[in-house]
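no sequence on this one, just coordinates:
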């Protein structure tokens with residue numbers, strides 16, 4: 001690749017800005033005065049690299065105003081005064097850095113927080129000295145080399161050997177519309193802006209398809225029942241390493257699952273409200289449910305067992321998967337037209353929560369805290385941690401006490417040890433989606449685009465039509481236009497027709513299935529990090545499913561939230577850097 005001189009690169013940059021971004025072009029400062037450059041070198045006690053001096057004598061930085069020239073996230077190029085101020089400020093910080101002690105001169109260039117000879121030559125994202133590009137000025141192999149400084153992570157050299165290469169790459173990016181440091185330059189409203197464009201794999205591997213081809217493992221008939229103990233859903237998991245030892249035998253771990261009780265419905269309806277996947281429904285013992293929940297067949301979906309207890313109550317416990325019973329969305333579905341009682345032990349806390357028809361009843365709830373007691377003092381005064389015991393035995397006692405109180409308060413009679421071997425109705429869940437929070441901030445800019453002004457100046461129906469068109473473009477970019485439920489919804493939204501997003505309807509189930517795919521692929525990748533065998537999916541697959549999940553979520557926001565908030569999400573998610581031009585075309589129709 002040809003590297004142009006500093007003057008040649010500035011010629012190219014100025015020419016492009018004058019033609020495409022005149023506002024940015026007008027904010028380039030005139031050349032620095034040579035005497036000012038010499039004075040700065042004297043004050044800082046370093047000689048500026050030739051590339052820097054040539055650049056300053058072309059432009060003494062830029063005016064720090066809206067629309068100014070920025071080198072992507074490295075920020076605007078500094079003038080002589082900013083270089084002096086930034087360098088002296090960072091020298092003051094670097095002087096206190098202990099890691100410089102004992103480093104030779106070359107090691108200081110490479111590893112020190114802020115060597116005395118280093119110059120910060122751009123102002124970063126926030127137009128301050130907290131980050132930006134720097135130049136090494138000490139004579140030697142690194143002289144003139146360009147690095148990136150960030151106050152949260154420190155410094156590191158870049159592949160650029162000098163400022164000349166940086167300016168040459170910027171000019172090439174402007175002329176060809178190609179990425180610079182991962183971002184693409186664009187002209188918008190007479191200003192230079194930078195934006196990121198990306199693509200996703202068109203046909204990502206499906207974790208749910210992989211799970212459907214796997215068999216559910218079965219507990220061998222000769223196997224001894226697994227010792228009971230709490231599982232997922234945010235509960236404390238007790239790991240036993242045997243008994244005996246310095247402090248004697250330890251008692252068996254108590255059974256303290258997170259459990260929900262629902263009045264007036266049978267176990268089958270309870271599973272339906274939780275989102276049971278019909279193809280996975282069947283009777284399972286606790287041991288079988290645990291074995292299945294941890295297998296590839298489950299695809300990281302929650303496994304729930306449900307049974308009957310007390311006078312007209314059903315209950316459910318969870319094995320594996322992400323916690324469900326503590327979610328407001330789940331409690332709202334379970335308590336629809338009835339009452340739900342949840343008992344949970346979470347570390348030092350035991351809590352009974354009562355929800356009636358979607359509304360929590362604080363006066364009916366209970367909460368107990370206990371101190372940690374798994375540390376004991378040995379005969380020699382040393383403190384030891386007892387492994388395999390309950391660290392909060394006070395909360396264990398509270399769990400038992402609150403469980404007994406459920407009979408008196410609600411007519412619930414349940415012993416968690418009784419359902420260990422009993423086959424209960426069970427199924428994997430397709431978790432319900434999160435509730436959408438109401439927007440709490442005023443919409444202003446989205447990716448350097450003034451969305452706030454557009455919202456104020458555009459008729460709502462016209463804006464809604466344009467955002468619906470952007471949704472369709474996002475669906476095409478992410479592959480969600482391959483689902484008939486989403487295609488139908490997009491077509492209806494484009495025509496201004498109402499869209500059915502009823503709970504457990506076709507569109508709702510599709511969105512939840514996409515979310516389950518995303519979670520399952522992430523789970524496979526996380527598990528592979530602790531195994532020798534590679535995962536059957538890739539990071540590219542996860543990015544694609546994440547993109548589909550986000551696009552489906554944007555459609556949901558469009559249907560449920562005020563239009564400005566939905567528009568902000570849609571425009572933030574667009575993959576093409578040309579979305580501004582496409583939005584202008586959509587608004588003109």
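Thanks, I have it. Quick caveat, the model's predicted, so the values are computed rather than measured.

what about the nearest residue to residue 120 once chain neighbours are set aside, helix or strand, and which?
Spatial nearest neighbour of residue 120, chain neighbours left out: residue 86 (4.0 Å); criterion: C-beta to C-beta, 6 or more residues apart in numbering. (Glycine included, C-beta is placed from N, CA and C.) Assigned by DSSP states H and E, residue 86 belongs to helix 80-94.

tell me the buried residues in that helix?
Under the neighbour-count criterion of 16 or more other C-beta atoms under 10 Å, helix 80-94 has 80, 82, 83, 84, 86, 87, 90, 94 buried.

quick check: next helix or strand after the worst-scoring helix or strand of the chain on mean pLDDT?
None of the helices or strands of the chain scores lower by mean pLDDT, DSSP states H and E than helix 105-111, at a mean of 65. Next in sequence after helix 105-111, counting helices and strands by DSSP H and E, comes strand 118-120.

please identify the buried residues of the helix or strand just after that next one?
Toward the C-terminal end, the helix or strand that comes next after strand 118-120 (DSSP H and E) is strand 131-136. Buried residues in strand 131-136, counted by 16+ other C-beta under 10 Å: 131, 132, 133, 134, 135, 136.

likewise stretch 389-399?
Across stretch 389-399, burial judged by 16+ other C-beta under 10 Å covers 389, 390, 391, 392, 393, 394, 395, 396, 398, 399.

ok, which stretches of the stretch 351-500 of the chain are helices?
Secondary structure of the stretch 351-500 of the chain (DSSP state H, counting those that start in this stretch): helices located at 393-410, 451-457, 460-478, 484-494.

highest average neighbour count across those helices?
By mean neighbour count, with neighbours taken as mean count of other C-beta atoms under 10 Å, helix 460-478 ranks first of these at a mean of 20.

coming back round to it: now, among the buried residues of strand 131-136, which is nearest to residue 254?
Closest approach to residue 254 among the buried residues of strand 131-136 (C-beta to C-beta): residue 131, at 52.2 Å.

which residues does that closest one bridge with?
residue 150 (DSSP bridges).

distance check, it against residue 148.
Separation of residue 131 from residue 148 (C-beta to C-beta, to the nearest Å) stands at 8 Å.

where's residue 525, which helix or strand?
helix 506-528.

buried stuff in that helix?
Buried residues in helix 506-528 (16+ other C-beta under 10 Å): 506-508, 510-525.

pLDDT (mean, whole number) over stretch 435-442?
Taken as a whole, stretch 435-442 has a mean pLDDT of 89.

and if you look at stretch 37-49?
Mean predicted confidence for stretch 37-49 is 96.

if we can go back for a sec, for the buried residues of stretch 389-399, work out which two are farthest apart.
Greatest spatial distance among the buried residues of stretch 389-399 (C-beta to C-beta): 389 and 398, at 16.5 Å.

distance to residue 157 and mean pLDDT added to the helices of the stretch 351-500 of the chain, as TSV?
Converted to TSV, the helices of the stretch 351-500 of the chain look like this (distance: least, C-beta to C-beta, whole Å; pLDDT from 0 to 100):
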stretch	distance to residue 157	mean pLDDT
helix 393-410	53	89
helix 451-457	38	96
helix 460-478	35	97
helix 484-494	46	97
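
of the ones you listed, give the one that comes closest to residue 194.
That would be helix 451-457 among the helices of the stretch 351-500 of the chain, by C-beta to C-beta, at 17.5 Å.

got the contact list for the closest one?
Residues outside helix 451-457 that contact it (C-beta atoms under 8 Å, 6 or more residues apart in numbering) are 442, 443, 444, 445, 463, 563, 564, 567, 568, 571.

so residue 119 bridges to which residues?
Judged by DSSP bridges, the bridge partners of residue 119 are residue 135.

surely it and residue 87 touch.
Yes: counting by C-beta atoms under 8 Å, residue 119 does reach residue 87; the two are 5.3 Å apart.

now the helix holding residue 525 and helix 460-478, what's the angle there?
With axes from the mean of the first three to the mean of the last three C-alpha atoms, to 10 degrees applied, the angle from helix 506-528 to helix 460-478 works out at 40 degrees.

what packs against helix 506-528?
Where contact means 3 or more C-beta pairs under 8 Å, 6 or more residues apart in numbering; DSSP states H and E, helix 506-528 is packed against helix 207-213, helix 484-494, helix 539-560.

can you tell me which of those helices is nearest to residue 174?
Among these, helix 539-560 sits nearest to residue 174 (C-beta to C-beta), with 28.3 Å.
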